[in-house]
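[1] take a look and give me a structure for this.
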Amino acid sequence: MSARTVIAVGDSPRYDVIIIGTGAGGGSLAHRLAPSGKRVLLIERGDHLPRERDNWDSTAVFVKGKYRAPEFWLDQHGNEFPPEVNYYVGGNTKFYGAALFRLRPEDFGEIRHHGGISPAWPIRYEDLEPYYTQAEHLYLVHGRHGEDPGEGPVSAQYAYPPVEHEPRIQQLSDDLEKLGLRPFHLPIGVNLSQDGNGRATHSSACIRCNRVDGFPCLVRGKSDAEVICVEPALRHPNVEMITNTHVVRLETDATGRSVNAVVGRLADGSEVRFAADVVVVSCGAVNSAALLLASANDHHPAGLANSSDVVGRFYMRHNNLALMAISKEPNDTQFQKTLALNDWYLGADDWDFPLGGIQMLGKSDAEQIHGEAPRWAGAVAPDMPFEVLAHHAVDFWLCGEDLPLPGNRVTVDGDARIHLLLDEKNNVEGLKRLRHKLQSMLGRLGMHEHRLLSRSIYLHKGMPIGATAHQAGTVRFGADPAASALDVNCKAHDLDNLYVVDTSFFPSIGAVNPSLTAIANALRVGDHLLERLS
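    Numbering: from 1, shown residues only. This next block holds a predicted model:
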């Protein structure tokens, strides 16, 4: 690696900005600050993800969970579960599906759902729109604005054309249009150049394989935060990074108004301390909240930034279903993640409340299906081998909005263990109806009508509380310090130099993948910090 690496021993110099975490929030923020000349330190809990054949092995990634963090959180009953988190440079973007959607303008306002109210944001879609465009261009998003009639106004077209459908998915798109629906090309961040037939060119980093979704990219063709932001940032002499350093607490000065020490634990158990004019927490919604709670002191007895008692509360993670339909004709698609459908995002002709959206998932293979088999007993034909089933699989991701309930929360105990309380029946009726919409169309889409199977291995082996990939909320921003932890610039109301820049700031989550919004907001906060530091 061409960058300098901090050696975490002895006294450390003072930095202008410390960023804790290198994922979509922290990595993107570092990229925005890097050209400024300000001294920036990135602190990453993990190491660089090893590049090895297992990166693309379904059994290693999905069945054995080789790259999942070796830790357990506790549910409301005190039972342990393995969360879907990965501690590597680039954070969870190393494993995300790179589906980079904008929230709709309506998502920034109050929306009435069947299960309750999705609250308004303190900023509007128009405030974030320029940064959405910058984020799309930075992360090499391929798509075509204007295909989804429900999207908001845009200031610029995607810089890269959509990833072309392969024949079976093109047929699916055509069949959906015949039903009067409006499918569109899924916006996806990949470093891909295509020839006239949609195939990857000889010089393309992305090879259009079947390993984009849930796998780390062995050929660096996926737009993850390490490749897109962290490595370019580290080429600047003013940016440094330390890895394998778990930040365990933040300490404040005598006034309690400023963070004056970032305390980390090294792999050998020893502690190291850093200081900066500005401290940014970007650990992911659960771990960011846990760090603030674990940093309680006499000035902040309930945890940092928590005079409002909202830190850790209002945890969200979407209501999701990963489903596999069985095509009557073989599905030879490799790069399947190219289509989305939002016709029922805000409601339907037979229901007044939002349902959510449908996207394609990465293509199932025989190893994943073998891992699912015990949960599918009796649901598939016994004479259909796994390889044949995989060859006919068409995979869908259904995403509905869950609501920010104060009782859905993160807490830490005296041993600093994370507890996650979650109402798994929160606003699920819309998702049920969305599944029914898809199921009712299968016969007209060239699928077997009564075979829509849950891919629970994709959603953490059927344990909904463990499916934390879309985590958000927990340190919400707002105009009222009594009802929020952060102001509109994501600075803590209670402290002068503490910011939280990941998905924690979301007051609501919408029904699309949160990554692009986290990236866009990081760029927005980056501009605010550049002005502050100047």
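[2] tell me which stretches of the stretch 151-300 of the chain form strands.
    Using DSSP state E, counting those that start in this stretch, the strands of the stretch 151-300 of the chain run over 184-185, 188-189, 239-242, 245-252, 259-266, 271-281.
[3] got a list of contacts for the fourth one?
    Spelled out, it's strand 245-252. The set of residues external to strand 245-252 that reach it, using CB atoms under 8 Å, 6 or more residues apart in numbering, is 8, 20, 43-45, 258-266, 271-272, 279, 281, 283, 291-292, 294-295, 297, 299-300, 304, 416, 495, 498. Yep, even glycine has a C-beta here, placed from its N, CA and C like the rest.
[4] mind listing what Ile465 touches?
    Under the criterion of CB under 8 Å, 6+ apart, the contact partners of Ile465 comprise Asp75, Phe81, Leu420, Leu422, Glu424.
[5] I'd like to know which of those are buried.
    Buried positions within the contacts of Ile465, assessed by neighbour count (16 or more other CB atoms under 10 Å), are Asp75, Phe81, Leu420, Leu422.
[6] which pair in the contacts of Ile465 spans the largest distance?
    Phe81 and Glu424 (12.1 Å; CB to CB).
[7] ends of stretch 449-467, what's the gap?
    This stretch, stretch 449-467, spans 28 Å end to end (CA to CA, to the nearest Å).
[8] re earlier: go through the contacts of Ile465 and say which is closest to Ser223.
    Proximity of the contacts of Ile465 to Ser223 (CB to CB) peaks at Leu420, which lies at 28.8 Å.
[9] for that closest one, which non-adjacent residue is spatially closest?
    Distance criterion CB to CB, 6 or more residues apart in numbering; nearest residue to Leu420, sequence neighbours excluded, is Trp73 at 5.3 Å.
[10] distance of that neighbour from Leu128?
    The gap separating Trp73 from Leu128 is 31 Å, by CB to CB, to the nearest Å.
[11] between the buried ones among the contacts of Ile465, which is closest to Asp343?
    Within the buried ones among the contacts of Ile465, distances to Asp343 taken as CB to CB reach their minimum at Leu422, with 29.1 Å.
[12] pretty sure that closest one is touching Leu74, no?
    No: with contact defined as CB atoms under 8 Å, Leu422 does not count as touching Leu74 (11.6 Å).
[13] shared neighbours, the two?
    When contacts are counted by CB under 8 Å, 6+ apart, Leu422 and Leu74 have no shared neighbour.
[14] thinking again about what came up before, same list (the contacts of Ile465) but as CSV, adding secondary structure and pLDDT.
    Formatted as CSV, the entries for the contacts of Ile465 read as follows, by DSSP: H, G, I helix; E, B strand; the rest coil; pLDDT from 0 to 100:
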residue, secondary structure, pLDDT
Asp75, coil, 94
Phe81, strand, 91
Leu420, strand, 96
Leu422, coil, 92
Glu424, coil, 86
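[15] what's near enough to touch the residue lying closest to Gln334 once chain neighbours are set aside?
    Closest residue in space to Gln334, ignoring its immediate chain neighbours: Asn210 at 4.7 Å, by CB to CB, 6+ apart. For Asn210, the contacting residues are Thr333, Gln334, Phe335, Gln336, Gly362, Lys363, Asp365, taking CB under 8 Å, 6+ apart as the criterion.
[16] check Asn210 and give its pLDDT.
    For Asn210, the pLDDT comes out at 93.
[17] same question, Ala366
    Listed pLDDT for Ala366 reads 80.
[18] show me which helix runs longest in the chain.
    For the chain, the helix with the greatest residue count under DSSP state H is helix 515-533.
[19] what comes up buried for that helix?
    Neighbour-count burial for helix 515-533, counted by 16+ other CB under 10 Å, picks out 515-526, 529.
[20] CA atoms only: put that helix into CSV for me.
    In CSV, the C-alpha atoms belonging to helix 515-533 read as follows (Å, rounded to 0.1, in the frame of the first residue of the first chain):
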residue,chain,number,x,y,z
SER,A,515,-25.6,3.6,1.6
LEU,A,516,-25.9,6.4,-1.0
THR,A,517,-27.6,8.7,1.5
ALA,A,518,-24.8,8.0,4.0
ILE,A,519,-22.2,8.8,1.4
ALA,A,520,-24.0,12.0,0.2
ASN,A,521,-24.4,13.2,3.8
ALA,A,522,-20.7,12.5,4.5
LEU,A,523,-19.8,14.8,1.6
ARG,A,524,-22.3,17.4,2.9
VAL,A,525,-20.8,17.3,6.4
GLY,A,526,-17.3,17.3,4.8
ASP,A,527,-18.1,20.7,3.3
HIS,A,528,-19.3,22.0,6.6
LEU,A,529,-16.1,20.8,8.3
LEU,A,530,-13.9,22.4,5.6
GLU,A,531,-15.6,25.7,6.3
ARG,A,532,-15.3,25.3,10.1
LEU,A,533,-11.6,24.3,9.9
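[21] mind exporting the lowest-mean-pLDDT helix or strand in the chain as PDB, just the C-alpha atoms?
    Evaluated with mean pLDDT, DSSP states H and E, the helix-and-strand set of the chain has its lowest mean pLDDT in helix 366-372, which scores a mean of 75. Listed next in PDB are the C-alpha coordinates belonging to helix 366-372 (Å, rounded to 0.1, in the frame of the first residue of the first chain):
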ATOM      1  CA  ALA A 366     -25.800 -24.600  -5.700                       C
ATOM      2  CA  GLU A 367     -23.800 -24.000  -2.600                       C
ATOM      3  CA  GLN A 368     -26.100 -21.300  -1.300                       C
ATOM      4  CA  ILE A 369     -29.200 -23.500  -2.100                       C
ATOM      5  CA  HIS A 370     -27.600 -26.500  -0.400                       C
ATOM      6  CA  GLY A 371     -27.300 -24.300   2.700                       C
ATOM      7  CA  GLU A 372     -31.000 -23.400   2.500                       C
END
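[22] packing partners for it?
    Other helices and strands packing on helix 366-372, by 3 or more CB pairs under 8 Å, 6 or more residues apart in numbering; DSSP states H and E, are helix 58, helix 386-392.
[23] which residues are contacting stretch 418-427?
    Outside stretch 418-427, the residues within contact range by CB under 8 Å, 6+ apart are 73-76, 83, 113-116, 286-287, 290, 315, 317, 319, 400-403, 405, 407-413, 464-465, 468.
[24] mind doing that once more with 6 Å?
    The list of residues contacting stretch 418-427 from outside it, by CB atoms under 6 Å, 6 or more residues apart in numbering, reads 73-74, 76, 113, 115, 290, 402-403, 408-412, 464-465.
[25] you'd agree Ala30 is up against Ala233?
    Yes: if you go by CB atoms under 6 Å, Ala30 and Ala233 touch, sitting 4.3 Å apart.
[26] give me the common contacts of the two.
    By CB under 6 Å, 6+ apart, no residue touches both Ala30 and Ala233.
[27] one step back: closest one to Gly430 among the helices and strands packed on helix 366-372?
    Taking CB to CB as the criterion, Gly430 comes closest to helix 386-392 out of the helices and strands packed on helix 366-372, the separation being 29.0 Å.
[28] what residues of that closest one count as buried?
    Of the residues in helix 386-392, Phe386, Leu389, Ala390, His391, His392 count as buried by neighbour count, 16+ other CB under 10 Å.
[29] gap between that helix and the chain center?
    Going by CA atoms, centre = their mean, to the nearest Å, the spacing between the C-alpha centre of helix 386-392 and its chain's C-alpha centre is 29 Å.
[30] I'd like to know which elements it is packed against.
    Secondary structure elements in contact with helix 386-392, counted by 3 or more CB pairs under 6 Å, 6 or more residues apart in numbering; DSSP states H and E, are helix 366-372.
[31] quick check: the residue nearest to Gln334 vs Asp395, distance?
    Between Asn210 and Asp395 the distance, using CB to CB, works out to 10 Å.
[32] distance of the closest residue to Arg53 other than its chain neighbours from Glu52?
    Once its chain neighbours are removed from consideration, Arg53 has its nearest residue in Leu218; the separation is 7.9 Å (CB to CB, 6+ apart). Leu218 sits 8 Å away from Glu52 when distances are taken as CB to CB.
[33] thank you, goodbye.
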